[in-house]
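# make a model of this:
(4 chains)
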Number of protein chains: 2
Amino acid sequence: MHIESLISYFDNYLRLDEEEKAFIRKKFFEKQVKRRQFILQEGDVCRLNTFVVAGCFRMYMVDEKGKEHNLQFAIENWWIGDIDSFHKEKPSKLNIEAMENSIVLQIRKEDQLRLFVEHPKFNRIFRVFTENALISFQNRVLQNISSTAEERYLDFMDRYPNIFNRISNVQIASYLGVTPEFLSTIRKKLSRS
Amino acid sequence: MHIESLISYFDNYLRLDEEEKAFIRKKFFEKQVKRRQFILQEGDVCRLNTFVVAGCFRMYMVDEKGKEHNLQFAIENWWIGDIDSFHKEKPSKLNIEAMENSIVLQIRKEDQLRLFVEHPKFNRIFRVFTENALISFQNRVLQNISSTAEERYLDFMDRYPNIFNRISNVQIASYLGVTPEFLSTIRKKLSRS
DNA sequence: CAATTCCGGTGACCTTTGTCATGTCATTAA
DNA sequence: TTAATGACATGACAAAGGTCACCGGAATTG
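All right, here's what the predicted structure looks like:
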């Protein structure tokens, strides 16, 4: 049922023919993920590419002090996975955890490669996804080295209202690279303006 | 002459046939860039994808206070360009400047798209480039939100010795997101260990 | 429903990093 | 060769952000 959401999603980029749709229906499989469950844990190889149909995820790294650093979130119509581990088949240093009960569609690496070979249209579509992700991360790096934490917080609020409104401040602080206490200070200052 | 470097470079990824090589020779053109010259300036649309044959470049943004923030460097065998401007044909907010006399090979967007359509092997090769770039930026974001400036400086030194040894500390500081004065403090501390 | 966990805020104190002015030396330009 | 510019370091002072302990309330779990 949810597979049609994914087909719709691809159709927004490039119209799919029946053979392409059949391939999608055949190779993607649906999974229910409960809150606090993982679809990737550090040390494991990331063998699946994941499309979020419903719910919210965070991909994070735990540093040597045990502190968690959120690299990215993913909500409906977003893809998530550790592409480094996925393509190089090496153990991931990242974790992907459901922040609420979620539904995803997943495809194995070998099936995704078949998809690209047998249906080159997907090669193009996925390259656009990767490019868009790269652009986002470049902007994020620039922002991290040129803006204050307050500016980054306001920008996050503006840019991702659908995420901002459903995750806790602790998670936002981790994503921005500040402590929850400091974020609280920022919020207090902003509420006075 | 330098075009053969590029062909060699591609050959490391996937063996090229004669037709593919002919296309490369035909569509890429060489350019000499003097130190302090730009191959992209903010406000212009980035219409060229650039491969560095010799030399060193930096891609940076100037913030509203006039401060320059280095997003990335590029030396021999690296690609550089503002992919956001390149693909969406919108004015760039970035500048790409030669840090020393350099030689590059460049291809226009429409030729690159022809390359992908007529020679799908390049679609795959460039997707690998984009994925590798994305992985680098993800790691950089993680590092920026979880490490001290000192740790980032040491990592930069280890990871990019070929860049580290040919650019000034002012440029490194800008890339790391710290002031030159603070970097000087870090270096002093390190030289005492 | 009770116990536990998590979230959000607070405050004292500390560390990291920034600002600004200054001086010296190296490099570049005229 | 000289003048100008840029790089690098320094130090006093300031700002941004972190640490730690604590408290109250909301959400989650059993």
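# mind listing the strands for chain A?
A:29-33, A:38-40, A:48-54, A:57-62, A:68-74, A:79-80, A:95-98, A:102-108 (DSSP state E).
# among these, which is nearest A:Lys188?
A:Lys188 sits nearest to strand A:68-74 of all these, at 22.1 Å, using CB to CB. Yep, even glycine has a C-beta here, placed from its N, CA and C like the rest.
# how far does stretch A:159-172 sit from the chain's center?
Distance of stretch A:159-172 from the chain centroid (CA atoms, centre = their mean, to the nearest Å) equals 14 Å.
# measure it end to end?
13 Å (CA to CA, to the nearest Å).
# list the contacts of A:Glu100.
A:Arg35, A:Gly55, A:Cys56, A:Arg166 (CB atoms under 8 Å, 6 or more residues apart in numbering or on different chains).
# my read: the last one touches A:Phe57, true?
No - assessed by CB atoms under 8 Å, A:Arg166 is found out of contact with A:Phe57, at 11.6 Å.
# of the strands of chain A, which is nearest B:Phe29?
strand A:79-80 (36.0 Å).
# is any residue of that closest one near chain B?
No - legend: contact between strand A:79-80 and chain B by CB under 8 Å from any CB of the partner chain is lacking; minimum distance shown is 11.9 Å.
# so which residues make contact with that strand?
A:Ile39, A:Asn49, A:Thr50, A:Phe51, A:Val52, A:Phe57, A:Met59, A:Gln72, A:Ala74, A:Ile96, A:Phe129.
# which one of the residues you listed is nearest to DNA strand C?
A:Phe57 (14.4 Å; CB to the nearest atom of the strand).
# not counting its neighbours along the chain, what's nearest that closest one?
Once flanking residues are discounted, A:Phe57 sits nearest to A:Ala74: 4.6 Å by CB to CB, 6 or more residues apart in numbering or on different chains.
# near chain B, which residues of chain A show up?
So chain A meets chain B at A:61, A:63, A:67, A:69, A:71, A:83-84, A:87, A:116, A:120, A:123-124, A:126-128, A:130-131, A:133-135, A:137-138, A:140-142, A:144-146, A:174-177 (CB under 8 Å from any CB).
# the residue nearest to A:Ile3 when sequence neighbours are not counted: how many residues sit nearby?
Leaving aside its chain neighbours, A:Ile3 sits nearest to A:Arg25 (5.4 Å; criterion: CB to CB, 6+ apart). Around A:Arg25 there are 12 other residues, counting by other CB atoms under 10 Å in any protein chain shown.
# same deal with A:Ser8?
Counted with other CB under 10 Å, A:Ser8 comes out at 11.
# so what's it scoring on pLDDT?
What the model reports for A:Ser8 is a pLDDT of 93.
# got it, and A:Pro120?
87.
# quick one: it from DNA strand C, how far?
Distance, A:Pro120 to DNA strand C, by CB to the nearest atom of the strand, to the nearest Å: 43 Å.
# what's the answer for A:Glu4, then?
Distance from A:Glu4 to DNA strand C, counting by CB to the nearest atom of the strand: 33 Å.
# OK, contacts around that residue?
For A:Glu4, the contact set (CB under 8 Å, 6+ apart) is empty.
# quick revisit: quick check, nearest of the contacts of A:Glu100 to DNA strand D?
Nearest to DNA strand D among the contacts of A:Glu100, with distances taken as CB to the nearest atom of the strand, is A:Arg35, at 6.5 Å.
# more neighbours, A:Arg166 and A:Phe57?
Set side by side, A:Arg166 and A:Phe57 show more neighbours around A:Phe57, with 25 against 14, by other CB under 10 Å.
# ok, that one touching A:Ser102?
Yes - if you go by CB under 8 Å, A:Phe57 and A:Ser102 touch, sitting 6.7 Å apart.
# can you put the strands of chain A in TSV and add distance to B:Leu183 and mean pLDDT?
Conversion of these to TSV gives the following (distance: least, CB to CB, whole Å; pLDDT from 0 to 100):
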stretch	distance to B:Leu183	mean pLDDT
strand A:29-33	44	95
strand A:38-40	36	96
strand A:48-54	39	97
strand A:57-62	25	97
strand A:68-74	23	97
strand A:79-80	35	97
strand A:95-98	33	97
strand A:102-108	43	97
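# as JSON lines, the ones you listed with distance to DNA strand D would be great.
What follows is the strands of chain A, written out as JSON lines (distance: least, CB to the nearest atom of the strand, whole Å):
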{"stretch": "strand A:29-33", "distance to DNA strand D": "14"}
{"stretch": "strand A:38-40", "distance to DNA strand D": "14"}
{"stretch": "strand A:48-54", "distance to DNA strand D": "16"}
{"stretch": "strand A:57-62", "distance to DNA strand D": "14"}
{"stretch": "strand A:68-74", "distance to DNA strand D": "11"}
{"stretch": "strand A:79-80", "distance to DNA strand D": "21"}
{"stretch": "strand A:95-98", "distance to DNA strand D": "11"}
{"stretch": "strand A:102-108", "distance to DNA strand D": "14"}
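# for A:Asp155, which of those is the nearest?
Per CB to CB, nearest to A:Asp155 of the strands of chain A: strand A:68-74, 14.5 Å.
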